[in-house]
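Chemist: Sharing a model that was predicted from the sequence below.
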Amino acid sequence: MPETPNLKIATLHIKNMVSSRCVRTVRDEIAKYGAKETERITLGKAVIEYDPKKTDLFILEHALGNHGFEVLKSREDQLVEQIKIAVIELVYYGVNANSIIRNSDYISEKIGLPYSQLSKVFSDKTGTTLEKYIILIKIEKVKELISYDELTLSEIAYQMGYSSVQYLSNQFKQITGYTPSEYKNQGISDRRPLDSLLG
């Protein structure tokens, strides 16, 4: 009679997952090393089922690391990654929610902890304030929208939750050194990967 495998469940909290392509890569690596997902893999998280005799978690984590994904061990590191993902989801996938919902309310509700606590942990672990990180993500999204050349600057300002084009322009120049018009007219292309914005 065949022996029933001693399957284990593990939750991997994974750093630097910022897109659906990242999810596909993680899914492929998990399958390659003999594990399977028990629920849909999401940005920053994979719950897997594996047989310890066939799948070595350390080797799987190392393989993920080769793709730039770090499996986070500490609760605070996991929380920082959840915050980053919430910000990216709000700015990149919020479909104009950004101009309707306050950033702090969205992030707090998404993670289920007070914004003040999240802000403190984020600053302590990254050396950057959460507000500054939100601005960096928004500016990367603005660069993307400018490069598509489909929206006016007024439309971009509205979509990104800025109260005026002037406010967007000032913040854009403060971060990039260019005004949005200079960025567009000079054909500047310095978009940065979202997972590299904190150094």
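Modeler: Arrived safely.

Chemist: Now R191. Nearest residue, chain neighbours left out?
Modeler: Sequence neighbours aside, K143 is the residue nearest to R191 in space, at 5.0 Å (criterion: CB to CB, 6 or more residues apart in numbering). C-beta coordinates here come from the backbone N, C-alpha and C atoms, glycine included.

Chemist: my read is that neighbour is in a helix, agree?
Modeler: Yes. Assessed with DSSP: H, G, I helix; E, B strand; the rest coil, K143 lies in a helix.

Chemist: That one - how many residues pack around it?
Modeler: Around K143 there are 21 other residues, counting by other CB atoms under 10 Å.

Chemist: Which parts of this structure are strands?
Modeler: Using DSSP state E, the strands of the chain run over 8-15, 36-37, 45-50, 70-72.

Chemist: Now mean pLDDT too, for those strands, in JSON lines please.
Modeler: Formatted as JSON lines, those follow (pLDDT from 0 to 100):
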{"stretch": "strand 8-15", "mean pLDDT": "95"}
{"stretch": "strand 36-37", "mean pLDDT": "94"}
{"stretch": "strand 45-50", "mean pLDDT": "95"}
{"stretch": "strand 70-72", "mean pLDDT": "96"}
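
Chemist: Could you identify which of those is most buried?
Modeler: strand 45-50 (a mean of 20; mean count of other CB atoms under 10 Å).

Chemist: Quick one: residues in contact with that one.
Modeler: With CB atoms under 8 Å, 6 or more residues apart in numbering as the test, strand 45-50 has contacts from 7-14, 26-27, 30, 34-39, 57.

Chemist: now do stretch 157-172
Modeler: 91, 96, 98-99, 135, 138-139, 141-142, 145, 151, 153-154, 156, 178-181, 183.

Chemist: Restricted to helices, list those.
Modeler: 91, 135, 138-139, 141-142, 145, 153-154, 156, 180-181, 183 (DSSP state H).

Chemist: farthest pair in these?
Modeler: With distances taken as CB to CB, the most widely separated pair in the ones in helices among the contacts of stretch 157-172 is V91 and S181, at 21.8 Å.

Chemist: buried set for the helix or strand of the chain with the lowest mean pLDDT?
Modeler: When the helices and strands of the chain are scored by mean pLDDT, DSSP states H and E, helix 103-111 comes last with a mean of 90. For helix 103-111, a neighbour-count test (16 or more other CB atoms under 10 Å) marks 103-104, 106-108, 110-111 as buried.

Chemist: Distance to S19 for these - can I get that in CSV?
Modeler: What follows is those, written out as CSV (distance: CB to CB, whole Å):
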residue, distance to S19
N103, 21
S104, 25
Y106, 20
I107, 19
S108, 24
K110, 18
I111, 20
